[in-house]
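Participant: here you go, sequence then predicted model.
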Amino acid sequence: MSRPSPIADVRGAGRLVAELTVLITDVVETMHRNIARPPGISSRATLEPTRGITGFVYRSVRGVTRAVGSTINTVLRPLEPLFTAPPSRRGRDAVVSGLNGVLGDRLEASWNPLAIPMQLRVRGVPLALARAEIARVVPQPRNRIVVMAHGLCMSDTMWNRQEHDHGQRLAQDLQADVVYLRYNSGRHISTNGAEFAMLLERMVATWPVPVRDLVLIGHSMGGLVIRSACAAGEASGQRWMRPLRALVFLGTPHHGAPLERGGHGMDMLFNASRYTVAFARLGQLRSAGITDLRHGSVLDRDWTGRDRFWPAGHLQHVQPLPRNVPAFAIAGSLSRAAPLHGGKPRGDGLVPVASALGRHPDPRRALGIDPTRQWIAYGTGHLDLLGSKSVYDQMKRWLGGTLTTSDRRSLAAPGAPDRAFAGASAYSRMCAVPVDEIGANTMSHKPPKEGKKKPAMTPKEKKAIKQQKKHAGDAVPLIKH
């Protein structure tokens, strides 16, 4: 895959400036129209354009702006192949990722070259999902893969924080390969989730060795994209769900984030007056991805056919976590320690603790994550979750236990070498029960049905047992009843 050309960046920026200039012109015209109208019964807010000479002026401004933007686009497009971007530009990543988070749906709809295409990446290199290409980027592929999904306005490079990368460390400690998701966080979460599910399907199908363990880790919005991908994968029976061993959520707003709800409230206030209705148009610049965070919407039906800027514009249909897959949730808290007397800890600055842990007053909406798989990182902000050593240690403990249990199950499968119980007798292996470890699936075993009681031993049998005890270490003959 070719790297983006700096000329493409200039072309995309020019188109974006032209579009925003047109939007600001619309806002100013709306303000002009509403202020110029005389007060009275019929003086409700209107979004209609101005008329006469005033309207002609505004139309001219828009027309000239669009013409300039189109000219820049036409002139620069042929020059793109002549210039190649350097391999790594973290400053560019930060700016473009931020733009995509705020305006990503608009960038995609206008075919702006600044729109980020969804990719799986390894060490900053796009991963072409073909067996030979994967083998080139990952020379010694493993059968355990950890996939990292970033949050809103971020990119795959931002997992590296304060010289620490959760993914790289987990790859070392869990003997796994780490793959990073890069996506346009301004699109609807469900749109990204469906595409992510298809990428995972292709990755598992083309990975050079059979994938035994797949772990998905999401920070903030990335956790919602993972949940949406799981919903799409389950609905269509995709194969990547079979090796899925664990989901880890870091500061994920499962039930929404107050910041977006506050933005929605400002929309309502601006729309209440004809003098401020124009500013509502500026507020409605924010992307579909951001408005999905109002309630943590992960399904298409949460928003399809609705105006996302009105009170009933978003819903949150109940979407449970995938069955038989352990889920772990970590919430950040700005509180230095657990509050005394049962008080509620503060959130991480963006996401409340209850939302991050999947808790909800309505039991039907609660995610039902096992309390032993929930953890609060005190004294840790939303972005600090990415570089926290204590957060990493907790994930490692959880995943170490889960994947160890997975190893034992796979080794005990028919045809697999039984290293987990090496040296044990066939009878003891048959009767062995998987041991619950920290973060492992809790397995329930029904008690055996009571059978008929064995008859009491005869004196002859008792005498035989006494004789056996005298010969410790000798083979014990089978006693027939």
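Facilitator: Cool, the structure landed.

Participant: where do the helices sit along this structure?
Facilitator: In the chain, helices defined by DSSP state H lie at 6-36, 52-76, 90-109, 131-137, 166-173, 189-206, 221-236, 258-271, 277-283, 288-292, 353-356, 389-411, 426-431, 459-469, listed in chain order.

Participant: run the angle between the longest one and helix 90-109 for me.
Facilitator: So that's helix 6-36. Here the directions of helix 6-36 and helix 90-109 differ by 60 degrees (axes from the mean of the first three to the mean of the last three Cα atoms, to 10 degrees).

Participant: list the helices and strands helix 6-36 packs on?
Facilitator: helix 52-76, helix 90-109, helix 277-283 (3 or more Cβ pairs under 8 Å, 6 or more residues apart in numbering; DSSP states H and E). Any C-beta I mention is one placed from the backbone N, CA and C, and that applies to glycine too.

Participant: what is the mean pLDDT for the shortest one?
Facilitator: Read that as helix 277-283. Averaging pLDDT along helix 277-283 gives 63.

Participant: the longest one too?
Facilitator: Averaged across helix 52-76, the pLDDT comes to 75.

Participant: show me what that helix is packed up against.
Facilitator: Using 3+ Cβ pairs under 8 Å, 6+ apart: helix 52-76 touches helix 6-36.

Participant: quick check: residue 133 vs residue 13, distance?
Facilitator: Distance from residue 133 to residue 13, counting by Cβ to Cβ, to the nearest Å: 31 Å.

Participant: okay, those two: which has more neighbours?
Facilitator: residue 13 (17 against 14; other Cβ atoms under 10 Å).

Participant: where does that one sit relative to residue 190, distance-wise?
Facilitator: In terms of Cβ to Cβ, residue 13 sits 29 Å off from residue 190.

Participant: before we move on, what about residue 285?
Facilitator: Per Cβ to Cβ, residue 285 is found 21 Å from residue 190.

Participant: more neighbours: which of the two?
Facilitator: residue 190 (26 against 12).

Participant: got the domain ranges for this protein?
Facilitator: Domain assignment for the chain by automatic domain parsing gives 6-87, 93-418+433-440.

Participant: by mean pLDDT, show me the worst of those.
Facilitator: Among the domains of the chain, domain 6-87 scores lowest, at a mean of 71.

Participant: if I pick residue 66, what's in contact with it?
Facilitator: 18, 22 (Cβ atoms under 8 Å, 6 or more residues apart in numbering).

Participant: so the closest residue to residue 358 other than its chain neighbours versus residue 399, what's the distance?
Facilitator: Nearest residue to residue 358, sequence neighbours excluded (Cβ to Cβ, 6 or more residues apart in numbering): residue 367, at 3.1 Å. Distance of residue 367 to residue 399, computed by Cβ to Cβ: 19 Å.

Participant: the more surrounded of these two?
Facilitator: With neighbours defined as other Cβ under 10 Å, residue 367 and residue 399 compare such that residue 399 has more, 26 against 20.

Participant: so who does the more buried one touch?
Facilitator: 170, 174, 215, 246, 248, 328, 439.

Participant: mind checking how far the nearest residue to residue 161 once chain neighbours are set aside is from residue 160?
Facilitator: Once flanking residues are discounted, residue 161 sits nearest to residue 387: 3.7 Å by Cβ to Cβ, 6+ apart. Counting by Cβ to Cβ, the gap from residue 387 to residue 160 is 9 Å.

Participant: cool, and residue 290?
Facilitator: Relative to residue 160, and taking Cβ to Cβ, residue 290 is found at 25 Å.

Participant: between these two, point out the one with more neighbours.
Facilitator: The residue with more neighbours, out of residue 290 and residue 160, is residue 290; 25 against 16, by other Cβ under 10 Å.

Participant: just checking, that one touches residue 100?
Facilitator: No: applying Cβ atoms under 8 Å as the test, residue 290 and residue 100 come out as separate, 11.1 Å apart.

Participant: what is in contact with those two at once?
Facilitator: In contact with both residue 290 and residue 100: residue 186, using Cβ under 8 Å, 6+ apart.

Participant: quick one on the thing from earlier: now the contacts of residue 399 in TSV, with distance to residue 75?
Facilitator: What follows is the contacts of residue 399, written out as TSV (distance: Cβ to Cβ, whole Å):
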residue	distance to residue 75
170	47
174	51
215	47
246	51
248	47
328	52
439	57
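
Participant: list buried residues within these.
Facilitator: Buried members of the contacts of residue 399, scored by 16 or more other Cβ atoms under 10 Å, are 170, 174, 215, 246, 248, 328, 439.

Participant: show me which of these is closest to residue 68.
Facilitator: Ranked by distance to residue 68 (Cβ to Cβ), these are led by residue 248 at 47.8 Å.

Participant: from residue 166, how far out is that closest one?
Facilitator: 9 Å.

Participant: repeat for residue 295
Facilitator: 27 Å.

Participant: neighbour count winner among those two?
Facilitator: residue 166 (25 against 22).

Participant: wait, isn't the more buried one in contact with residue 395?
Facilitator: Yes: between residue 166 and residue 395 there is a contact under Cβ under 8 Å: 6.8 Å.

Participant: which residues do those two both contact?
Facilitator: residue 217.

Participant: wait, residue 390 sits on residue 377?
Facilitator: Yes: using Cβ under 8 Å, residue 390 makes contact with residue 377 at a distance of 6.1 Å.

Participant: higher neighbour count, these two?
Facilitator: Using other Cβ under 10 Å, the more surrounded residue of residue 390 and residue 377 is residue 377, with 20 against 13.

Participant: what's the separation between that one and residue 289?
Facilitator: On the measure of Cβ to Cβ, residue 377 and residue 289 end up 25 Å apart.

Participant: one more: residue 375?
Facilitator: 27 Å.

Participant: ok, residue 208 next?
Facilitator: 33 Å.

Participant: swap in residue 338?
Facilitator: In terms of Cβ to Cβ, residue 338 sits 33 Å off from residue 289.

Participant: more neighbours, these two?
Facilitator: Ranked by neighbour count (other Cβ under 10 Å), residue 338 and residue 289 place residue 289 first, with 27 against 11.

Participant: please enumerate the strands of the stretch 251-400 of the chain.
Facilitator: 327-333, 374-378 (DSSP state E, counting those that start in this stretch).
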